[in-house]
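Student: Provided below are the primary sequence and the corresponding predicted coordinates.
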Amino acid sequence: MKPLLDAIRRNPLLWLLVFVPALFVGKMLEPEAQTLLFVLSVLAIVPLAGLLSYATESVAAKTGDTVGGLLNATLGNLTELVIALAALQAGQYTLVKASIAGAIVTNTLFLLGASFLLGGLKHHVQEYNRVGARFQAGLLFLATIAILIPSAVPEADSGAGASFTNTLSVGLSVLLIVAYGLGLVFSLKTHREFFGGAEHAEAGEAPWPIGLALATLAGVTVLVALVSEVFVESVQKAAEAFGMTPAFVGFIVVALVGGAAEMATAFSGARKNRLDLSVGIALGSASQIALFVAPVLVLCSYVLGPTPMNLQFWPGAVAMMLLATVTATFVTNSGRSAWFVGVLVLMVYLVFAMTLYLLPPKVQ
Amino acid sequence: MKPLLDAIRRNPLLWLLVFVPALFVGKMLEPEAQTLLFVLSVLAIVPLAGLLSYATESVAAKTGDTVGGLLNATLGNLTELVIALAALQAGQYTLVKASIAGAIVTNTLFLLGASFLLGGLKHHVQEYNRVGARFQAGLLFLATIAILIPSAVPEADSGAGASFTNTLSVGLSVLLIVAYGLGLVFSLKTHREFFGGAEHAEAGEAPWPIGLALATLAGVTVLVALVSEVFVESVQKAAEAFGMTPAFVGFIVVALVGGAAEMATAFSGARKNRLDLSVGIALGSASQIALFVAPVLVLCSYVLGPTPMNLQFWPGAVAMMLLATVTATFVTNSGRSAWFVGVLVLMVYLVFAMTLYLLPPKVQ
Amino acid sequence: MKPLLDAIRRNPLLWLLVFVPALFVGKMLEPEAQTLLFVLSVLAIVPLAGLLSYATESVAAKTGDTVGGLLNATLGNLTELVIALAALQAGQYTLVKASIAGAIVTNTLFLLGASFLLGGLKHHVQEYNRVGARFQAGLLFLATIAILIPSAVPEADSGAGASFTNTLSVGLSVLLIVAYGLGLVFSLKTHREFFGGAEHAEAGEAPWPIGLALATLAGVTVLVALVSEVFVESVQKAAEAFGMTPAFVGFIVVALVGGAAEMATAFSGARKNRLDLSVGIALGSASQIALFVAPVLVLCSYVLGPTPMNLQFWPGAVAMMLLATVTATFVTNSGRSAWFVGVLVLMVYLVFAMTLYLLPPKVQ
């Protein structure tokens, strides 16, 4: 337990853990205070996500490079996956899809842009491994195409289209997971020498003992699941109370909450001129959500959800995912960065966030 | 006055100044001869735009690099701005938007493509500073996204959408102006060493004395405003008389007229193997119109226009701006050019021009 | 005749020539057995296409570099052209367009991706001439824009739009052919030194004598025309029998059949680490179909077809052509390849193929 307590003492983000019990107490005493429960659940998820990602990396560090890379690649977005599974079980497919699209867009634009900006304010010009960036951008590009195509085919919207879209979504999900798996073989095994710069490990901290790490992984996952349930229940009402559209909440708020821990790591990497780390987290997380989390959710919906979920997104979300991917591909093409590159990328994110914030609430 | 008369004697383009008084005489004698007035106003704008851009550069040259760069960056497309303001006041929003979109497309495709072609016919392979091109392409890309998003969100077309689109357009306009300002800080101040090649100055001619330059700037702006008013009034009827669609006039004719002076500079730069100058004018003008002129017009419409103007464009115009930006990004990626690159870019322009020329006149 | 018989003895693909007489016998005995005739015609086209491309290259080799390059560039996709002409005469414009779009997509994705994969499984990293790839990608990009624009202009769908679309298509076709011709001047004449790596010739085989080559060219073209007629007649019924949608047949089956011979050459080039050859065939064929075969078909439709054919494609096909072009541009940008690049490109192809396979049959 000592390394866990040490970590909590050192990292102020983890002090937010106090909101986990606060949430459960609140849920018992005031089960109808949706806005309060929403705020508490947001505050509780942030430190849990941090613990989860630290425990994953500790397990990964102990199990050797290949297995570790595999663990990081599958559990790295466990928080997002658990939140989305809670929404899936509640049948809130709009929220699930908004949070998938939002996580992709937030990682490729906000996380990447803010890293470039924060790094660029300290360092005149920064360089990073463009092979890794190109690889992740390629994966993202494939996923975007797989998500775009069902919307680009007008037949999908007709009456006969529902079963077509569902069958196609299952097929595309399988393709994406296969591509993701082959991508791991490529980057962790056959061509690992090209991806040297992009490891996920936090510098300067010793990994936890394996027992503690595994126990934390299990325990925190359960806690995240419980908190997510309250979060999903309360988000709709809370959004109304705050005057936010559901699209804005799913796209922006959930994505920022779920990714808070990773952002801390990416930003500190950028300040330390380790931009490989930041770019790796930004694009790696986005492609992991697009090629692993999203297809797994589609397949899980056949077991867990009330009806099958498909990969057909709201046209605005498709456009945003596509533009985010193109932006990331464009700016990482040169392997160099300065502060204004970060401004450009963040501006694209602001364009999206502003559109979603102002959107009339009737969006499906 | 002597340098002004010298400039007129040396530059045959300025001999067209004789059409300025001719236009005013024509307007008094034959106020209904719309086609004649249209032709005279086109012939009058071309030399005025030339004088305006020369006066701006003279003031810029006297005021030092940073202030000068700033002046060039804000007044460089003064002609386009004044024409658009005249159309704005007349409530002709379709013409305003067509001329914005047209100026972006004409600068990125016609000006760039013709520079590559003219330079390439004389020089086997030409090289230029790709950092500058990437920077301008990035700005253009951001502006295209800001213009694309209101159209990609289907809610914008519904009944409740009008106020949404207007509010969003104001927000996006502010974002674009901020991005443009930060871009100036980046290229003129913090990272100016990367942008060495792209100054605007015409080689071999001494700048005018500051007094003459300022007086010319003020006087010619007033003349452009007066001529623009006649131009905007007569363009509709004249287009009918020539069998041209309004879309074609706004997109192609206005853009070619407003940019004639800059084209002369860019083409002569390309022939002298100074392709940095040509690429800088082409992409710099386009991004200036997209990130400065267009947002300023949206904001001005709240003061000057009969109703607010928004950033929602006709879908065909959005597609053309997006494709022009992608084309420019693609061809400037390598920092090298040969004559066929110019042919390719001009062909894309011809595809657009032909489409607009043939379009049935009911386009909104 | 001896070299012809030698070629047949050496190349097992040519043994399929036995299906040419089999088809004609079948057609006489069982004129209603559409499925059988379809299978026989497919099996007969494959070796004929192989002979055709070999004869073309033999003539090209005898006539010197420039004329030879020209011949290869115009007759290289003779099979696809003859099949499409047969469908054109039968008034089956949906099949013509599907086979054009399919040939572009299959060449840029399947042929390119499979070459990268097959080459990458044998060689760790492969390099190729990126100038050639960029050139072909630029041509393809222009063609995609020319095909996209009629669909992006909503007026084209209105009542008055039909004649607009037809006139525009003729104009665009002329532009594309001019661009293609200028591209040949550029790559075969003024800047040929940049395109060294991409010749079409199969290494190690002597070209045929010119008389035999010309006779084969003429004779086989007639045979392909005859076989194509049966193919076009039977394809609809056969597709139903196999449970395939017409879109899938036109897009995937026809394209794979017509390109079988080129695929054999491209794949063997990739295995021998001559990736320039493979990339040249993949992108060269695609741009040839887009900028030469498709416009020629549009112009021919005024002479041969029952009504004029235009360049307006089904939106899904436009999206696929555009995404295929963007994918090819993205992956050939670096001039390097490894097996996973092939996987990525093939996955995009699989996404398209799966979508077309599952599409409800009511597609226009």
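Tutor: Nice, thanks for sending it over. Residues are numbered from 1 along each chain as shown, chains lettered A, B, ... in the order given.
Student: What lies in contact with stretch A:74-84?
Tutor: A:45, A:48-49, A:52-53, A:56, A:96, A:99-100, A:103, A:200, A:217, A:221, A:224-225, A:228, A:231-232, A:254, A:258-259, A:261-262, A:284-285, A:288-289, A:292-293, A:296-297 (CB atoms under 8 Å, 6 or more residues apart in numbering or on different chains). (Glycine included, C-beta is placed from N, CA and C.)
Student: Mean confidence (pLDDT) on that stretch, please.
Tutor: Stretch A:74-84 shows a mean pLDDT of 84.
Student: Same question for stretch A:279-296.
Tutor: On average, stretch A:279-296 scores 92.
Student: wait, does it contact chain C?
Tutor: No - shown here: stretch A:279-296 not in contact with chain C (CB under 8 Å from any CB of the partner chain), separated by at least 10.0 Å.
Student: Next, the distance between the ends of that stretch.
Tutor: For stretch A:279-296, the first-to-last residue distance is 24 Å (CA to CA, to the nearest Å).
Student: Distance from the chain centre to it, please.
Tutor: 7 Å (CA atoms, centre = their mean, to the nearest Å).
Student: about what we covered before: filter the contacts of stretch A:74-84 down to the buried ones and hand me the ChimeraX line.
Tutor: Only the buried entries of those go into this ChimeraX selection, using 16 or more other CB atoms under 10 Å in any protein chain shown:
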select /A:45,48,49,52,53,56,96,99,100,103,200,217,221,224,228,231,232,254,258,259,261,262,284,285,288,289,292,293,296,297
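Student: Which of the contacts of stretch A:74-84 fall in helices?
Tutor: Applying DSSP state H to the contacts of stretch A:74-84, the entries found in helices are A:45, A:48-49, A:52-53, A:56, A:96, A:99-100, A:103, A:217, A:221, A:224-225, A:228, A:231-232, A:254, A:258, A:261-262, A:284-285, A:288, A:296-297.
Student: buried set for the lowest-mean-pLDDT helix or strand in chain A?
Tutor: Sorted by mean pLDDT, DSSP states H and E, the helices and strands of chain A end with helix A:65-75, the least confident at a mean of 71. Using 16+ other CB under 10 Å as the burial criterion, the residues of helix A:65-75 that qualify are A:68-75.
Student: what does the stretch 201-350 of chain A put close to chain B?
Tutor: A:315-316, A:319-320, A:323, A:327, A:330-331, A:333-334, A:338-341, A:343-344, A:347-348, A:350.
Student: Would you mind trimming the residues you listed to those in range of chain C?
Tutor: residue A:333.
Student: Buried ones only from the residues of the stretch 201-350 of chain A next to chain B, please, as a ChimeraX command.
Tutor: Remark: buried members of those, expressed as a ChimeraX selection using 16+ other CB under 10 Å:
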select /A:316,319,320,323,327,330,331,333,334,338,339,340,341,343,344,347,348,350
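Student: Where does pLDDT dip in the stretch 251-364 of chain A?
Tutor: Applying pLDDT under 70 to the stretch 251-364 of chain A picks out residues A:361-364.
Student: Which residue ranges of it form strands?
Tutor: In the stretch 251-364 of chain A, the strands defined using DSSP state E, counting those that start in this stretch lie at A:336-337.
Student: what's the answer for the stretch 1-150 of chain A, then?
Tutor: Secondary structure of the stretch 1-150 of chain A (DSSP E, counting those that start in this stretch): strands at A:126-127.
Student: pLDDT below threshold where in it?
Tutor: Counting by pLDDT under 70, the stretch 1-150 of chain A contains low-confidence ranges at A:64-66, A:69.
Student: Spell out which residues of it are next to chain B.
Tutor: Residues of the stretch 1-150 of chain A lying near chain B (CB under 8 Å from any CB): A:124-125.
Student: Let me know the angle separating the helix or strand hosting residue A:162 from helix A:65-75.
Tutor: Element membership for residue A:162 (DSSP states H and E) is helix A:161-184. Helix A:161-184 and helix A:65-75 meet at an angle of 150 degrees, taking axes from the mean of the first three to the mean of the last three CA atoms, to 10 degrees as the criterion.
Student: what's in contact with helix A:161-184?
Tutor: A:69-70, A:73, A:135, A:139, A:142-143, A:146, A:149-150, A:155-156, A:287-288, A:290-292, A:294-296, A:298-299, A:302, A:308-312, C:340, C:343-344, C:347, C:350-351, C:354-355, C:358-360.
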